[in-house]
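Asks: using only what follows, build the 3D model:
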Amino acid sequence: MSVLNRGQVRIHPGSVTQDEALQEATDILVAAGAVTPAYVDAMKLREETVSTFMGNGLAIPHGTNETKDAILDSGLSVVRYDGGVDWAGEQATFVIGIAGRGDEHLEILSQIAILFSDEDDVARLHAATTPDELYELLSTVNEG
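Replies: Next comes the predicted model:
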């Protein structure tokens, strides 16, 4: 299951708003053929209910169960904002958008959680200087 390719990984030197980050996550997933443009609304609905900020500078926006029809295929978007994103009062550096068909999002979530629970791994993710380098570090998510 390949949920991430090089084109879905970006690094930005600056900062954006949470809404801009959600829009970029959606745009990447739309370009990858994983979701329809309506998925951004599903992500916003989820944030209204519960923040997807996970700690360690990581936010993992994803839609609500009611909006499964906006998901066409499983996919990920990964954006590192070196200026940070104010995520409902928390500071997010990594915004990883998730679209999962059926129960696949649970498997994807657990892969990301494992990666971000290791401080050495997180340090390497921060140290990556190019999207290619970042992709290489994250490509384990494709191993499912």
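
Asks: assign the residue most central in space within the chain to helix, strand or coil.
Replies: Residue closest to the average C-alpha location in the chain (CA atoms, centre = their mean): Ile96, at 1.1 Å. Following DSSP: H, G, I helix; E, B strand; the rest coil, the label given to Ile96 is strand.

Asks: now name the helix or strand holding Gly84.
Replies: Assigned by DSSP states H and E, Gly84 belongs to strand 75-87.

Asks: now swap in Ile114 and tell me
Replies: helix 104-117.

Asks: contact partners of that helix?
Replies: Residues outside helix 104-117 that contact it (CB atoms under 8 Å, 6 or more residues apart in numbering) are 1, 3, 54, 56, 58, 60, 62, 74, 76, 94, 96, 98-100, 121-122, 125, 138, 140-141, 143-144. In short, each C-beta sits where N, CA and C put it, glycine included.

Asks: relative to Leu72, how far out is Val16?
Replies: Taking CB to CB, to the nearest Å as the measure, Val16 falls 25 Å from Leu72.

Asks: ok, Lys44 next?
Replies: Distance of Lys44 to Leu72, computed by CB to CB: 19 Å.

Asks: mind listing what's buried along the helix or strand bottoming out on mean pLDDT in the chain?
Replies: Among the helices and strands of the chain, helix 104-117 carries the lowest confidence by mean pLDDT, DSSP states H and E, at a mean of 86. Neighbour-count burial for helix 104-117, counted by 16 or more other CB atoms under 10 Å, picks out 104-105, 108-109, 111-112, 115-116.

Asks: can you check stretch 64-80 too?
Replies: Those would be 64, 67, 70-72, 74-80, for stretch 64-80 by 16+ other CB under 10 Å.

Asks: tell me the least confident of those?
Replies: Minimum pLDDT for the buried residues of stretch 64-80 is recorded at Thr67 (78).

Asks: can you name the residues that contact the closest residue in space to it that isn't next to it in sequence?
Replies: Setting aside the residues directly before and after it, Thr67 is nearest to Ala42 in space (CB to CB, 6 or more residues apart in numbering), at 3.4 Å. By CB under 8 Å, 6+ apart, the contact set of Ala42 is 62-64, 66-67, 70.

Asks: mind listing what's buried in the helix or strand harbouring Ala42?
Replies: Ala42 is part of helix 39-49, with elements assigned from DSSP H and E. Buried residues in helix 39-49, defined by neighbour count with 16+ other CB under 10 Å: 39-40, 42-44, 46-47.

Asks: understood, closing this out.
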